[in-house]
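Q: need coordinates for the below:
(chains A, B, C, D, E and F)
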6 protein chains.
Amino acid sequence: MFKYLKQLQYPINIKKKDLRMAKYLVTQYGGSNGELGAALRYLNQRLTMPDNKGKALLNDIGTEELGHVEMLETMIYQLMKDATLEEIKAAGLDAHYAEHAKALYPTDANGVPFAVNYFATTGDPLADLSEDMSAEQKARAVYENLIDLTDDPDVIGPLLWLRQREIVHYARFKELFEEYEKKIKNGNNSISPKNNIANSYPQEYLMNNFVTMNYENFM
Amino acid sequence: MFKYLKQLQYPINIKKKDLRMAKYLVTQYGGSNGELGAALRYLNQRLTMPDNKGKALLNDIGTEELGHVEMLETMIYQLMKDATLEEIKAAGLDAHYAEHAKALYPTDANGVPFAVNYFATTGDPLADLSEDMSAEQKARAVYENLIDLTDDPDVIGPLLWLRQREIVHYARFKELFEEYEKKIKNGNNSISPKNNIANSYPQEYLMNNFVTMNYENFM
Amino acid sequence: MFKYLKQLQYPINIKKKDLRMAKYLVTQYGGSNGELGAALRYLNQRLTMPDNKGKALLNDIGTEELGHVEMLETMIYQLMKDATLEEIKAAGLDAHYAEHAKALYPTDANGVPFAVNYFATTGDPLADLSEDMSAEQKARAVYENLIDLTDDPDVIGPLLWLRQREIVHYARFKELFEEYEKKIKNGNNSISPKNNIANSYPQEYLMNNFVTMNYENFM
Amino acid sequence: MFKYLKQLQYPINIKKKDLRMAKYLVTQYGGSNGELGAALRYLNQRLTMPDNKGKALLNDIGTEELGHVEMLETMIYQLMKDATLEEIKAAGLDAHYAEHAKALYPTDANGVPFAVNYFATTGDPLADLSEDMSAEQKARAVYENLIDLTDDPDVIGPLLWLRQREIVHYARFKELFEEYEKKIKNGNNSISPKNNIANSYPQEYLMNNFVTMNYENFM
Amino acid sequence: MFKYLKQLQYPINIKKKDLRMAKYLVTQYGGSNGELGAALRYLNQRLTMPDNKGKALLNDIGTEELGHVEMLETMIYQLMKDATLEEIKAAGLDAHYAEHAKALYPTDANGVPFAVNYFATTGDPLADLSEDMSAEQKARAVYENLIDLTDDPDVIGPLLWLRQREIVHYARFKELFEEYEKKIKNGNNSISPKNNIANSYPQEYLMNNFVTMNYENFM
Amino acid sequence: MFKYLKQLQYPINIKKKDLRMAKYLVTQYGGSNGELGAALRYLNQRLTMPDNKGKALLNDIGTEELGHVEMLETMIYQLMKDATLEEIKAAGLDAHYAEHAKALYPTDANGVPFAVNYFATTGDPLADLSEDMSAEQKARAVYENLIDLTDDPDVIGPLLWLRQREIVHYARFKELFEEYEKKIKNGNNSISPKNNIANSYPQEYLMNNFVTMNYENFM
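A: Predicted structure coming up:
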């Protein structure tokens, strides 16, 4: 279970309204590569990790991402809360206003509601960890886009910190991926048993590769 | 931010595999009236509640629901974890297995992925709280359906407890709804300012109700 | 079955083009809290209401909401029909135009297509009626947002009337909710039989509430 | 606006429970080619038809389809209403039961909720009418699949009648399509003005067709 | 299988940035009536066509549409690739940029991701071919809207060519539809066997048409 | 553009009907980790790769995946084509039959239609390539699940071959990922320019990491 602590993971104190930025930031809340998806991805995958180390890593990073979700909620709320109706219209947030007034709602920057098909769980630790590494890379890229779109240091600060966390998480997931990969190579059947079964089939199944893809230059 | 506590809100200790039940329970995890939607609904609505009392109530119930999500994850995991492939096929969980093996994934009982359009945020405290009261009623009804579908006391126990929490939350949301409603009637403009504006329009707008719906008996 | 009457429920006669307003109004047509969802919600729930009174109420309000759908269609059509391409571009309706020209299509204000997961049916009369009460509150709140976004009396008039209908419907649903609630308390098993079964379980299931949520102040 | 008539378009009186059939029929209610989509498609397209004849045709068929929706609701309700829990489980309707008990909900036969992206509106009368002709053909094909799946005359009767209506509607849409097509050929610019503009571009744009598709035999 | 040829079907060489146009064109890539849906529709339907001619037609047009997808990708890419951040903001592509930078992604013009429920497969050749005819008509209409929205001949050229291909495909689908329709009338049971079964039921099923729809004038 | 070759990439010749297997295989066609998503992912990402090598790799693997899509279509078609209605019912494919008869349709194994939010494009080559590596790992895992669910060598053969291709593709994507990563470390700004900007911000932004996540053991 979770206990709420009355503290943000990184302090947010945005003094200047910026509704366009609120509109962009929402994508890192409820968009394809956002923090809500990240939190749910890891908390869903943890129970089927093959050992306690894997479970703990996913549990802790998943819990941390819940705190990132809250940071983004706070940023969006602060950027939007004192806006007049005219400012909301000018920034293109009027579509949001019609439905939600100034309330938060997890969507991407186009207003498409969050759905869990943004992430996958396979029960295979290598596949799940490579999904996680990829999620951290994509979130890093989106934070770089977002930093590009503002010059307010009160916004840039938390975004840089969040980007940094993605880099740290990526490294942690990569470590564990490589540890499991090595164990599988060394014949440890407990990590990914079906992988071993598939590898045990005779090679002639794979012979008849009728196509030679030549990866030639494009255009 | 959130801290993870190594404890479930209510102990789960299911000793008997039951894959059909796992398939049903998932709907209260990632379905329309499930706990994941509840948690996200309340945590999204809290910041636009009109006072600290409202914010605290939504924050605390939202946090508690994150713990309910985990209870359901644990129940599904325990019901499924020792199943053989034959049992998985017989229970109709083979479609889940093809994609996820035994990993968790938030869907409804038909396998439709969770999406946030199961809930709404309006920024209007009466509308949001009535959405919350409704969510608790619907979750209660689903728990009653689920209790109907099993006779394993290890499953019934946590389900009854979870149902009870919905009843408690409903009561708390109703209390606050009525408090706000009373304040509005007493002329407190801070709760729902637009409501007041709309009410200030002259009554002739409403006169020309050309249709008399008679709510007659059906069929 | 339904018979079409050549009359709108409330007269619509908008003389001034307003494409921004057309874009906002669509959310009350095909958005999360809109009239199309309301009509389908009630018409879906009616057959499983526990008595003829409930069936009739849902049938009649559902039928009325079909007429509200038509009012919104008419408003959007009138606001848009004489617009030039330049005006459409300036109002941000160009994305709609590329796909639909000036035809109607039920989406929210961001262009997300209507889907029935905006509403629920549970077969439990208390849960369904509280969903309905909530739907009316949310629609009221959206109408207030929409009234906020215009100053054209030809638009405000029908919106005020529609808002008023939501208030009336809310009252009717509340009445029936309270009637059913009272019957259940008085031991009438026909309203919500599973509720009674769940309540018959011994209290010790509910004892071990390990967590005391304290609903403390937020932040 | 619509008036509800206490009469089904074709009498439904199913005496034999058949839960499998209930599960299939739902696809013609809330599935891709179902009656709900048909009703909404026509009622959405009517206002942008180029003349009163087109508007009237779409309005009347759209209104009739609302009555077909009700016929399917009634069939599903009658097939399901006396089922025991064991029968529901055996028929694979348990996933529906967990969420909805015996209430109706518009989905396809797999439980995927209805969404309006099953249909299109383009504002172009030829395109809209060909979409409508296609919708009637697809609905006819689905009714034939459904007739295949039962041998209960109480079910076959209404399905044959509904299939027949699709054939009649197809003929009516085809008539109007051909009337408009002829008007366009005769230089009537009011039907589809953009079509004329596009045709006015010089032919050299179309010359450089670098690919000769040869529609050769497959495999 | 498919072989990639280093050539576009029609040459694209757009010299002028136009971000608004990029935003509109995407709808013909990943929108409801777009080329991606067309390609997948035909390639999905081909294997269940009743003869080799039908299979070949759908296979070849489906393959050609994959080339149209690439043309649209190339147009969008060229229109967007040299844009500055300020230009992206001004054109309302900032929401796309936050998530995707300048990468392609198949959505409609509002940013709603492509989904296959934009098309249907029924296994009935008449129904499938009428769906295909309708798809070509709708795509033609959207190309006309798009031509309306630009005056750059480098953009108009390929759009006119693509529109022309829709007209050609429509004619080919219509030919085959009529050929199959004739065969069915002549008693050829292999085209649509269930159609014949349904037609063999006695006419009294269809007698009791209680409703006379009168297709009267609208409003 | 693409040219169709009348040859499958790997021969498919399934002699034994197996409808359950058809139901599972569809998930690798239109499910979250399936071949359709893979093909579209790579063909979408190719144009924004930073050099010709990257463009060519994504183009060629994307084209190959279109051939894998066709292999899965052929397998599903062969497994299903001679089935009787009784066999279809027994295998739980009746829901598919009601809507599609025996036609193909890209869904996951639960019948949820394919949507492109199963994949992402970011315009950042490291993020896109890590998404691609992850996609190949997940597809490998699903192929292992599918091999688990059958013992027909006519099915296992193509599945093993397809799984092998995922392993090969993973290796090719990893090579390119590491090449780009090295170039970035060596100061090559052309690969991922925004990455460099973000790294240029002073370290004090990252100092105030208030939370020490301790990645402790779980439960």
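
Q: wait, doesn't A:Gly31 sit right on A:Thr107?
A: Yes - in this structure, A:Gly31 sits in contact with A:Thr107. The criterion is Cβ atoms under 8 Å, and the distance is 7.3 Å. Just so you know, the C-beta spots here come from the backbone N, C-alpha and C atoms, and that holds for glycine as well.

Q: more neighbours, the two?
A: Neighbours around A:Gly31 and A:Thr107, counted as other Cβ atoms under 10 Å in any protein chain shown, are more numerous at A:Gly31. The numbers are 28 against 24.

Q: and the nearest residue to the more buried one once chain neighbours are set aside, how many neighbours does it have?
A: Leaving aside its chain neighbours, A:Gly31 sits nearest to A:Asp108 (3.5 Å; criterion: Cβ to Cβ, 6 or more residues apart in numbering or on different chains). A count of nearby residues for A:Asp108, using other Cβ under 10 Å, gives 27.

Q: overlap of the contact sets of A:Gly31 and A:Thr107?
A: Contact with both A:Gly31 and A:Thr107 is made by residues A:Phe114, according to Cβ atoms under 8 Å, 6 or more residues apart in numbering or on different chains.

Q: next one: phi and psi at the residue nearest to A:Gly31?
A: Taking degrees, to the nearest 10, you get phi -90, psi -180 for the backbone angles of A:Asp108.

Q: now do A:Phe2
A: phi -120, psi 140.

Q: which residues sit in contact with it?
A: With Cβ under 8 Å, 6+ apart, A:Phe2 has these contacts: A:63, A:66, B:2-5, B:63, B:66-67, B:70.

Q: need the pLDDT of the residue nearest the centre of chain A.
A: A centroid search over chain A (Cα atoms, centre = their mean) returns A:Ala38, at 3.7 Å, as the residue closest to the centre. Reading off the per-residue confidence, A:Ala38 sits at a pLDDT of 98.

Q: the one 4 residues further on now?
A: For A:Tyr42, the pLDDT comes out at 97.

Q: that one reaches A:Asn59, doesn't it?
A: Yes - A:Tyr42 is in contact with A:Asn59 according to Cβ under 8 Å; the separation is 7.5 Å.

Q: okay, those two: which has more neighbours?
A: The neighbour comparison of A:Tyr42 against A:Asn59 (other Cβ under 10 Å) goes to A:Tyr42, with 28 against 25.

Q: quick revisit: now do the same contact list for the residue nearest to A:Gly31.
A: Residues near A:Asp108 by Cβ under 8 Å, 6+ apart: A:26-27, A:30-32, A:34, A:114, E:95, E:99, E:111.

Q: run through who's touching the one helix or strand A:Ala39 maps to.
A: Following DSSP states H and E, the helix or strand that holds A:Ala39 is helix A:35-45. Surrounding helix A:35-45, the residues in contact under the criterion Cβ under 8 Å, 6+ apart are A:28-31, A:58-59, A:61-63, A:65-66, A:68-69, A:71-72, A:106, A:114, A:116, A:118-121, A:128, A:131-132, A:135-136, A:139, A:162, B:36, B:40, B:69-70, B:73, B:103-106.

Q: neighbours around the residue nearest to A:Leu104 when sequence neighbours are not counted, how many?
A: If the residues on either side of it in the chain are set aside, A:Leu104 comes closest to B:Asn44, at 4.8 Å by Cβ to Cβ, 6+ apart. Residue neighbour count, defined by other Cβ under 10 Å, stands at 26 for B:Asn44.

Q: now B:Asn44: how far from B:Tyr105?
A: In this structure, B:Asn44 lies at 22 Å from B:Tyr105, with Cβ to Cβ, to the nearest Å as the measure.

Q: and what of A:Arg140?
A: Between A:Arg140 and B:Tyr105 the distance, using Cβ to Cβ, works out to 25 Å.

Q: try A:Gly157
A: A:Gly157 sits 35 Å away from B:Tyr105, going by Cβ to Cβ.

Q: compare these two (neighbour count), which wins?
A: For A:Gly157 against B:Tyr105, the residue with the higher neighbour count under other Cβ under 10 Å is B:Tyr105, and the figures read 25 against 20.

Q: torsion angles phi and psi at the more buried one?
A: As for B:Tyr105, its main-chain torsions (degrees, to the nearest 10) stand at phi -160, psi 130.

Q: contacts only, for it.
A: Applying Cβ under 8 Å, 6+ apart, the residues contacting B:Tyr105 are A:44, A:116, A:121, B:26, B:30, B:96, B:99, B:113.

Q: okay, it: pLDDT?
A: Looking at B:Tyr105 specifically, the model assigns a pLDDT of 97.

Q: so does the helix or strand hosting A:Tyr29 get close to chain F?
A: For A:Tyr29, the host element (DSSP H and E) is helix A:19-30. No - using Cβ under 8 Å from any Cβ of the partner chain, helix A:19-30 stays clear of chain F, with a minimum separation of 11.4 Å.

Q: tell me what that helix is packed against?
A: Applying 3 or more Cβ pairs under 8 Å, 6 or more residues apart in numbering or on different chains; DSSP states H and E, one finds that helix A:19-30 makes contact with helix A:35-45, helix A:52-80, helix A:85-90, helix A:125-148, helix E:94-100.

Q: repeat that with 10 Å
A: The elements that helix A:19-30 packs onto, with contact taken as 3 or more Cβ pairs under 10 Å, 6 or more residues apart in numbering or on different chains; DSSP states H and E, are helix A:35-45, helix A:52-80, helix A:85-90, helix A:94-100, helix A:125-148, helix A:153-185, helix B:35-45, helix E:94-100.

Q: which one of those helices lies closest to D:Glu175?
A: Taking Cβ to Cβ as the measure, those were each checked against D:Glu175, and helix A:94-100 came out nearest at 40.1 Å.

Q: what does chain A put close to chain C?
A: Contacts of chain A with chain C, taken as Cβ under 10 Å from any Cβ of the partner chain, map to A:1, A:3-4, A:6-8, A:74, A:85, A:88-89, A:92, A:94-101, A:103, A:105, A:107-108, A:110-113.

Q: next one: A:Val116 from chain B, what distance?
A: Plainly put, A:Val116 is 5 Å away from chain B if you go by Cβ to the nearest Cβ, to the nearest Å.

Q: show the pLDDT at that residue.
A: pLDDT recorded at A:Val116 is 98.

Q: again with A:Gln9
A: pLDDT recorded at A:Gln9 is 88.

Q: now do A:Phe119
A: Looking at A:Phe119, its pLDDT stands at 97.

Q: can you name the residue of chain A nearest to chain C?
A: Residue of chain A nearest chain C, by Cβ to the nearest Cβ: A:Gly111 (3.0 Å).

Q: just confirm A:Leu8 contacts A:Pro158, I think it does.
A: Yes - counting by Cβ atoms under 10 Å, A:Leu8 sits close enough to A:Pro158 to count as a contact (8.8 Å).

Q: more neighbours: which of those two?
A: Applying other Cβ under 10 Å to A:Leu8 and A:Pro158 shows that A:Pro158 carries more neighbours, namely 24 against 20.

Q: low-confidence ranges, chain A, go.
A: With pLDDT under 70 as the threshold, chain A has low-confidence stretches at A:196, A:202-219.

Q: for whatever residue of chain A ends up closest to chain E, what are its contacts?
A: Among the residues of chain A, A:Asn110 lies closest to chain E, at 2.9 Å counting by Cβ to the nearest Cβ. When contacts are counted by Cβ atoms under 10 Å, 6 or more residues apart in numbering or on different chains, A:Asn110 touches A:23, A:26-27, A:31, A:95, C:95, C:110-112, E:92, E:95-96, E:98-99, E:107-108, E:110-113.
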